[in-house]
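Undergrad: coordinates only, no sequence provided:
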């Protein structure tokens, strides 16, 4: 009996000890979450930060952005197609996922679809035996990138577009690409819906009711049935939403919450999409799509117009640095390769990004809160410990509240990164950053939302102490990370107007 009691005592002691050790990272020890929070899958998705788009189809060979739908499949004939070059280039740039245009508005399919003859199976590529989608997903998986596919809802080739029969066709093709190629992380639906087209030889304008024609709720449910863990992008999500422009920037105020039932794919308020909604009832990650060139498809005439590394950095700050994802398009040329000029700029951008964010100047600093939190799990030091699973939280919802960071010595910086523990929701709506100079505090910069990541670009300043003050929030404020950096010399050669 004594031995049995002893074993029970040892077991209880172990449980108490492990519980104490794990308290800081155990979700059960979190502060109460907001009513609207992301799914774990959405959190993981946003942590990728930078992903890529591959626009490649028959338009690449006709020098068009939107094919009419009457193009012969014989025109699709890349001479050096190397999908691994796309993938390794993207990976070297830090991208974690690629999305391929499996079918654009012209209706040409990059896989041998059984439902149409307007596909790669009737092209010279590999004598009609090619499957670019298969090559793409295999290369992504080989190199550790997530896979995304885009299937345009609009089809300027199909004779039934605008009629009920087309919806069956579209869903059949979705089933092909979402059941025959393994796990797909994202499917991309845009709002280009209806207009003039070939339509099987009709050569006419066809219009649709965007609210009802596609019966999106049914299509979305089918997609989730085929791929339970997939993220669906559209104006209305339900997982990821368009940012409202194709310039690659979110609003300076940007909420991940939005009112999903107020959105219509292809007919949503672009300004609303660009700012989100602090009172929104749905968490839908914002995604900023932009091309490295003026066009989405490759055009030789744009070889001199590739965005510079400095321009790409500016876009990064206005997308990832404003609580959104960055989706950067890399269009292969007629050879089937991402052009050398695109690669050069992209890799220089990655080097610039690494140089700027390589050294966190808060290493070795100390942090204190005012008012002080009474719970060590949420202490101020958690905001600068470089662990996104831990965080500082205020004792209650009383505002203002601030964190003061003592650098230990004077340091010069011009980049400041703030992050909230978004698994608990997005909270902060107004903040200021102060620096201590000459014994007095001065406002360095200020902002509104933070979310997953906010990167501020103040003028360079030298200080030994900084203070982050939160002035407005919808709940008890919390920060999972504060970091400080100095921009690389190369980055400072920006040609764009710099904003916060």
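TA: Good, I have the coordinates. In this text, all values refer to a predicted model and were calculated from it rather than measured experimentally.

Undergrad: mind listing the helices for this structure?
TA: Assigned by DSSP state H, the helices in the chain fall at 2-22, 40-46, 59-62, 83-92, 132-142, 164-179, 216-226, 270-275, 309-319, 340-357.

Undergrad: which of those helices is buried the deepest?
TA: Among those, helix 309-319 has the highest mean neighbour count (mean count of other C-beta atoms under 10 Å), at a mean of 23. Backbone N, C-alpha and C define where each C-beta goes, glycine included.

Undergrad: tell me the angle of that one relative to helix 340-357?
TA: Following axes from the mean of the first three to the mean of the last three C-alpha atoms, to 10 degrees, one obtains 60 degrees for the angle between helix 309-319 and helix 340-357.

Undergrad: just the residues contacting helix 309-319, thanks.
TA: Around helix 309-319, the neighbours that count as contacts under C-beta atoms under 8 Å, 6 or more residues apart in numbering are 50, 243, 247-250, 288, 290, 292, 307, 325-326, 328, 345-346, 348-349, 351-353, 356, 455, 457, 490-491, 493-496, 498-499.

Undergrad: hmm, try it at 6 Å
TA: 248-250, 288, 290, 326, 345, 348-349, 352, 455, 491, 493-494, 496 (C-beta atoms under 6 Å, 6 or more residues apart in numbering).

Undergrad: chain center to that helix: distance?
TA: 14 Å (C-alpha atoms, centre = their mean, to the nearest Å).

Undergrad: avg pLDDT for that helix?
TA: Throughout helix 309-319, pLDDT has a mean value of 97.

Undergrad: re the thing from before, wait, which of the helices of the chain is closest to residue 234?
TA: Among those, helix 216-226 comes nearest to residue 234, with 7.7 Å by C-beta to C-beta.

Undergrad: quick one: mean pLDDT for that closest one?
TA: 97.

Undergrad: got it, and stretch 42-51?
TA: Across stretch 42-51, pLDDT averages out at 98.

Undergrad: what residues does it touch?
TA: 94-97, 231, 285, 320, 326-327, 423, 452.

Undergrad: mind doing that once more with 7 Å?
TA: The contact list for stretch 42-51 (C-beta atoms under 7 Å, 6 or more residues apart in numbering) reads 94-99, 231, 239, 283, 285, 320, 325-328, 422-423, 452.

Undergrad: which members of the residues you listed occur in strands, if any?
TA: Among these, DSSP state E puts 97-99, 231, 283, 285, 325-328 in strands.

Undergrad: and stretch 32-52, how far from the chain's centre?
TA: Mean-position distance between stretch 32-52 and its chain equals 10 Å (C-alpha atoms, centre = their mean).

Undergrad: for stretch 47-61, that is, sorry about that
TA: Worked out by C-alpha atoms, centre = their mean, stretch 47-61 lies 14 Å from the chain centre.

Undergrad: so for this structure, the centremost residue is which one?
TA: The chain has residue 325 as the residue nearest its centroid, 2.2 Å off, counting by C-alpha atoms, centre = their mean.

Undergrad: and that one, what does it touch?
TA: By C-beta under 7 Å, 6+ apart, the neighbours of residue 325 are 46, 49, 51, 285-288, 319.

Undergrad: tell me the spacing between it and residue 189.
TA: Counting by C-beta to C-beta, to the nearest Å, the separation of residue 325 from residue 189 is 16 Å.

Undergrad: okay, domains of this structure per the record?
TA: 40-357, 366-489 (automatic domain parsing).

Undergrad: residue 29 is nearest to which of those domains?
TA: Closest among the domains of the chain, using C-beta to C-beta: domain 366-489, at 5.6 Å.

Undergrad: what about that closest one, start to end distance?
TA: 28 Å (C-alpha to C-alpha, to the nearest Å).

Undergrad: one step back: nearest to residue 204, out of the helices of the chain?
TA: Minimum separation from residue 204 across the helices of the chain (C-beta to C-beta) falls at helix 164-179, 14.5 Å.

Undergrad: what's opposite residue 404 in the beta bridge?
TA: residue 368, residue 467 (DSSP bridges).

Undergrad: neighbours around it, how many?
TA: Close neighbours of residue 404, defined as other C-beta atoms under 10 Å, add up to 18.

Undergrad: likewise for residue 29?
TA: Residue 29, neighbours per other C-beta under 10 Å, totals 13.

Undergrad: thought it was touching residue 376?
TA: No: counting by C-beta atoms under 7 Å, residue 29 does not reach residue 376; the two are 10.9 Å apart.

Undergrad: got any ranges where the stretch 301-450 of the chain has weak pLDDT?
TA: Along the stretch 301-450 of the chain, the model assigns pLDDT under 70 to no residue.

Undergrad: at 90 instead, please
TA: 370-377, 437-439 (pLDDT under 90).

Undergrad: show me what counts as buried in stretch 373-380.
TA: 373, 377-380 (16 or more other C-beta atoms under 10 Å).

Undergrad: output those residues in CSV, with distance to residue 482 appended to each entry.
TA: Below are those laid out as CSV (distance: C-beta to C-beta, whole Å):
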residue, distance to residue 482
373, 15
377, 18
378, 14
379, 13
380, 10
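
Undergrad: out of the residues you listed, the closest to residue 261 would be?
TA: Checking the buried residues of stretch 373-380 one by one against residue 261 (C-beta to C-beta), the nearest turns out to be residue 378, at 34.7 Å.

Undergrad: shouldn't that closest one be in contact with residue 395?
TA: No: checked against C-beta under 7 Å, the pair residue 378 and residue 395 is beyond contact range at 8.3 Å.

Undergrad: need the contact list for the closest residue in space to residue 436 that isn't next to it in sequence.
TA: Sequence neighbours aside, residue 465 is the residue nearest to residue 436 in space, at 4.1 Å (criterion: C-beta to C-beta, 6 or more residues apart in numbering). When contacts are counted by C-beta under 7 Å, 6+ apart, residue 465 touches 404-407, 436.

Undergrad: which of those ranks first by neighbour count?
TA: When neighbours are counted by other C-beta under 10 Å, residue 405 leads those with 21 neighbours.

Undergrad: give me the nearest residue to residue 188, chain neighbours excluded.
TA: Using C-beta to C-beta, 6+ apart, the closest residue to residue 188 is residue 150 (3.9 Å).

Undergrad: could you do residue 434 as well?
TA: Residue 434 sits nearest to residue 467 (C-beta to C-beta, 6+ apart), 4.2 Å away.

Undergrad: pull up the gap between the one you found and residue 407, please.
TA: Taken as C-beta to C-beta, the span from residue 467 to residue 407 is 12 Å.

Undergrad: what's the answer for residue 355, then?
TA: From residue 355 over to residue 407 (counting by C-beta to C-beta), the distance is 21 Å.

Undergrad: pull the contacting residues for the closest residue to residue 328 other than its chain neighbours.
TA: Excluding its sequence neighbours, the residue lying closest to residue 328 (C-beta to C-beta, 6+ apart) is residue 52, at 5.6 Å. Listed by C-beta under 7 Å, 6+ apart, the contact partners of residue 52 are 90, 95, 98, 328, 330.
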